[in-house]
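Q: sequence isn't available, so here's the structure alone:
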């Protein structure tokens, strides 16, 4: 099987949900994974995990940021912790950061404020971003438009937005990639497959968001990076290409986005 990278997963949360999960026993074995630490309470675990650099031949990379649904945890001290964690682990990006208006009871104003503060971290350090954008297309696009430029790189994680929103993003000057998870394999997500059809192959990334969103036929189970091939096969079918071609293209896209 061609090599593949899971560009977005949460290994600590996999271990919390599935006590039987053994990183060393994943099959097939990813070339690498990008672990996402997006709650300040998980930063120290992420630093310790990434210090191993490699487990069973799987290379370990990471990103750090504050998820919009825990925006209230952001502070000057946490901003410094993000910067230090990225420096200590040679972190690849600031993320996952953004806006999530799906759930009620969260302040949109606070989310936007924290989103902008974390964009400043990445802009200052010259780092790419990992964006979590859910049901917030207008506000998200306005913020993205403000920071847009030829030097901007961002991974729109777990893309579930409209085809129209994807096309608006692609009209910007920056280099924007769209991550697809197991959600693209679900029966009731034709909208995601429609968006994947319209997004160019050279803008697609493979990710699981593990332990969430296990692809068909693993629905209901804990998702792991080893499930990437199921996602890849659906995307290959959408693009009407072989799975080997899909893997090759996504591997190049990962190199372009993250430098790995």
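A: Sure thing, it's come through. Since we're looking at a predicted model, the values are computed, not measured.

Q: quick one: residues contacting the nearest residue to residue 70 once chain neighbours are set aside.
A: Nearest residue to residue 70, sequence neighbours excluded (CB to CB, 6 or more residues apart in numbering): residue 39, at 5.2 Å. In this view, the C-beta of every residue, glycine as well, is placed from N, C-alpha and C. Each residue near residue 39 by CB atoms under 8 Å, 6 or more residues apart in numbering is listed here: 66-67, 70, 73.

Q: switch to 10 Å and redo it
A: 10, 12-13, 45-46, 65-67, 69-70, 73 (CB atoms under 10 Å, 6 or more residues apart in numbering).

Q: and the buried ones among these, selectable in PyMOL?
A: Buried residues within these, by 16 or more other CB atoms under 10 Å, are selected in PyMOL with:
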select buried, resi 10+12+13+46+65+66+67+69+70
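
Q: residue boundaries of the strands in the stretch 151-260 of the chain?
A: Using DSSP state E, counting those that start in this stretch, the strands of the stretch 151-260 of the chain run over 153-156, 175-180, 204-206.

Q: any chance of those in TSV, plus mean pLDDT?
A: Shown next, in TSV, are the strands of the stretch 151-260 of the chain (pLDDT from 0 to 100):
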stretch	mean pLDDT
strand 153-156	98
strand 175-180	98
strand 204-206	99
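
Q: how many residues are close by the residue nearest to residue 243 when sequence neighbours are not counted?
A: In space, and not counting its chain neighbours, residue 243 is closest to residue 236: 4.4 Å by CB to CB, 6+ apart. If you count neighbours by other CB atoms under 10 Å, residue 236 ends up with 20.

Q: so residue 193 sits against residue 186, correct?
A: Yes - under the criterion of CB atoms under 10 Å, residue 193 makes contact with residue 186 at 9.4 Å.

Q: find residues that contact each of these two.
A: residue 234.

Q: returning to that earlier point: quick check: the gap between the residue nearest to residue 70 and residue 18.
A: 19 Å (CB to CB, to the nearest Å).

Q: so what does residue 224 look like in phi/psi?
A: Backbone torsions for residue 224, taken as degrees, to the nearest 10, come to phi -140, psi 160.

Q: check it and give its pLDDT.
A: We have a pLDDT of 98 for residue 224.

Q: burial measure for it, as a count.
A: Neighbours around residue 224, by other CB under 10 Å: 25.

Q: check contacts around residue 52.
A: Counting by CB under 10 Å, 6+ apart, residue 52 touches 23, 58, 60.

Q: redo that, cut-off 7 Å
A: When contacts are counted by CB atoms under 7 Å, 6 or more residues apart in numbering, residue 52 touches residue 60.

Q: just to be sure, it is in a helix?
A: No - Residue 52 is assigned coil when assessed by DSSP: H, G, I helix; E, B strand; the rest coil, not a helix.

Q: which non-adjacent residue is nearest residue 38?
A: Using CB to CB, 6+ apart, the closest residue to residue 38 is residue 67 (4.0 Å).

Q: sorry, slip of the keys, the one I care about is residue 141.
A: Residue 141 sits nearest to residue 168 (CB to CB, 6+ apart), 5.8 Å away.

Q: hang on, the earlier thing: the contacts of residue 39: which two are farthest apart?
A: Maximum pairwise distance in the contacts of residue 39, criterion CB to CB, is 18.6 Å, between 45 and 69.

Q: picking that back up, so how far is residue 72 from the residue nearest to residue 70?
A: From residue 39 to residue 72 the distance is 11 Å (CB to CB).

Q: how many residues are close by residue 177?
A: Neighbours of residue 177 using other CB under 10 Å come to 26.
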